[in-house]
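>>> build me a structure from this.
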Amino acid sequence: MRKLFTSFLIIITFNTYSQNAIQIVSKNYFRFHPFDSKFSTFILNLQQDPWFSVKEFNRRTDSTFFYLTGEYKNFNPFRFTPKQLKLIVAEEEIVYSDSSKTLDTIINLQLIGIIDTNITSSKLVEKEFKRFHQSQSKRFDDFAHKTLGGPQTITGEMNNYFISPFSISPVTVAWGPMPVTNEYSFAITVRFKVTQNQAFYITQPGEFKGL
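Numbering: from 1, shown residues only. Presented below is the predicted three-dimensional model:
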């Protein structure tokens, strides 16, 4: 009984810690986020937001995943001024790294601030990337850093942030050129699962559930 009670306390502790880290990032950078309400309410808030224009909206079907994208006007959580601020909510299939290679789906909530192609623009998004790390990294247990480009010329960077003991990164930030247009951008991605219309932190099979 005591062992069971201890395990329950551990689950509650991880639940509070992991959700708080993600919620703080979400509240600081996203106008609406799904952790304080049902997922359907979050989507409805986006659709009814006068500052947000939905460009594409595909509901989940037997053959397609959920996908919503749009653009913001009069809203900007960044220190630089983007010429375009995009939001993407996209369902994605993943394969867990367990022995059975379990298939699952997660939701990627991504905010992208897009700016011009010049060197000045690259410095602005790089500075935003470093500012995020300085202010938010302490909320996570670890991070993995990756540079884009050659050893002499860095054209972009990416940080995946982690909460122990889970191996899927709930938050990723990156800066670099966009495909095709080469416009520089800064992007924040928050990952979560939706179960019974509620957003939850992602766990792998065999790890603590209900987080």
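
>>> buried sites along stretch 61-76?
66-72 (16 or more other CB atoms under 10 Å). For the C-beta atoms, the positions are set from N, CA and C on the backbone; glycine is no exception.

>>> do stretch 120-135 as well
For stretch 120-135, burial by neighbour count (16+ other CB under 10 Å) applies to 121-122, 124-126, 128-129, 132-133.

>>> make TSV from those residues and add distance to G156 to it.
Converted to TSV, these look like this (distance: CB to CB, whole Å):
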residue	distance to G156
S121	12
S122	9
L124	13
V125	9
E126	8
E128	12
F129	9
F132	14
H133	14
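
>>> those residues in strands, which ones?
The members of the buried residues of stretch 120-135 all map outside strands under DSSP state E.

>>> now, those that are in helices?
Among the buried residues of stretch 120-135, the ones falling in helices (DSSP state H) are 121-122, 124-126, 128-129, 132-133.

>>> of those residues, which is the nearest to K83?
Each of these was checked against K83 using CB to CB; the closest is S121, at 9.4 Å.

>>> let me know whether the closest one touches I114 as I believe.
No - under the criterion of CB atoms under 8 Å, S121 is not in contact with I114, lying 9.4 Å apart.

>>> quick check: neighbours shared by those two?
Taking CB atoms under 8 Å, 6 or more residues apart in numbering as the criterion, S121 and I114 both touch 183-184.

>>> mind listing the strands the one helix or strand R191 maps to pairs with, and their directions?
In this assignment (DSSP states H and E), R191 forms part of strand 184-195. Strand pairing for strand 184-195, determined by DSSP bridges: strand 103-114 (antiparallel), strand 171-177 (antiparallel), strand 198-200 (antiparallel).
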